[in-house]
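Novice: from the sequence below, what's the structure:
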Amino acid sequence: LILKRFEIPDVPNTHSTPEHHRHFKLVSETTPEMVRVYENTRALPPAYFVYETRLAKDISEACRVMTQHSYNPRKTASVESPEALLPERKDLTYDDVKVEFSRPDVNSVEIKLVNEIEGLLVVSETFFPGWTCTDNGKEITIYKTNGVMRGLKLSPGSHNLKMTYMPVGLKGGFILWAIGIFLAVFLLMKMRKTS
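Specialist: Below you'll find the predicted structure:
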């Protein structure tokens, strides 16, 4: 789903592409090592908008849902939290939402979009504790989506999203460091007053 490019060593009798692997396009080939680099033409974009959700209690169930033949990851997302579920809708035409994705540095992501109907923005990156997100300056919840990805439930409107990563241990360590500095200064001042 996520992988855009990958490489495999040459294996005898693999020059023909099976029908179900036609979306892997050969982009380069090296000699004498004979390593082939393929592009997955069906790879999902870094962030995309969906209007349908399915509830899965854990990653195993999410994988079962996503491997069903009828499942289209470009239109539907599997979520593990009931709060992330979208209302079921029928006979609605959904416009493809243009998503502007940028990565200023390794620990932050910026996304801009305008949507007319409530939906879920799926970010094709790993869900992990320590990630936070703000929407137009207001903090919002990140939901585990498709087993391992991040999802943001967005109401209709214009969104300026900023996702940042700060490891939980680092945050705790910084707080302890600040308390330690404060106590050291306090004790030094107290010792000067008594001497």
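
Novice: wait, L120 touches T145, no?
Specialist: Yes - L120 lies in contact with T145 (Cβ atoms under 8 Å); the separation is 7.1 Å. C-beta here means a position set from N, CA and C on the backbone, and glycine is covered the same way.

Novice: now do the shared contacts for those two.
Specialist: Shared between the contact lists of L120 and T145 (criterion: Cβ atoms under 8 Å, 6 or more residues apart in numbering) are residues 77, 79, 84, 151.

Novice: most neighbours among these, which one?
Specialist: Most neighbours among these, by other Cβ atoms under 10 Å: A77, with 29 neighbours.

Novice: quick one: that one and V148 touch, right?
Specialist: No - with contact defined as Cβ under 8 Å, A77 does not count as touching V148 (12.0 Å).

Novice: thinking again about what came up before, same list, the shared contacts of L120 and T145, but as a markdown table with pLDDT please.
Specialist: Converted to a markdown table, the shared contacts of L120 and T145 look like this (pLDDT from 0 to 100):
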| residue | pLDDT |
| --- | --- |
| A77 | 93 |
| V79 | 95 |
| A84 | 95 |
| G151 | 96 |
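
Novice: need those in JSON lines with secondary structure and distance to C133, can you?
Specialist: Shown next, in JSON lines, are these (DSSP: H, G, I helix; E, B strand; the rest coil; distance: Cβ to Cβ, whole Å):
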{"residue": "A77", "secondary structure": "strand", "distance to C133": "16"}
{"residue": "V79", "secondary structure": "strand", "distance to C133": "15"}
{"residue": "A84", "secondary structure": "helix", "distance to C133": "13"}
{"residue": "G151", "secondary structure": "strand", "distance to C133": "10"}
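
Novice: just curious, which of those residues is nearest to N107?
Specialist: G151 (19.4 Å; Cβ to Cβ).

Novice: what residues are bridge-paired with that closest one?
Specialist: When bridges are called by DSSP bridges, G151 pairs up with V122, Y143.

Novice: let me see the contact set for it.
Specialist: Taking Cβ under 8 Å, 6+ apart, one finds 77, 79, 84, 120-123, 142-145 in contact with G151.

Novice: between the residues you listed, which sits nearest R103?
Specialist: Nearest to R103, judged by Cβ to Cβ, of those is V123 at 10.9 Å.

Novice: break down this protein into its strands, ranges please.
Specialist: The residue ranges that make up the strands of the chain, judged by DSSP state E, are 5-9, 24-29, 35-40, 47-50, 52-55, 76-79, 99-105, 108-115, 119-126, 131-135, 138-140, 143-145, 149-154, 157-165.

Novice: winner for burial among these?
Specialist: For these, the largest average neighbour count (mean count of other Cβ atoms under 10 Å) is found in strand 76-79, namely a mean of 24.

Novice: which neighbouring elements make contact with that strand?
Specialist: Strand 76-79 sits against strand 52-55, helix 59-66, strand 119-126, strand 143-145, with contacts defined as 3 or more Cβ pairs under 8 Å, 6 or more residues apart in numbering; DSSP states H and E.

Novice: alright, that wraps it up for me.
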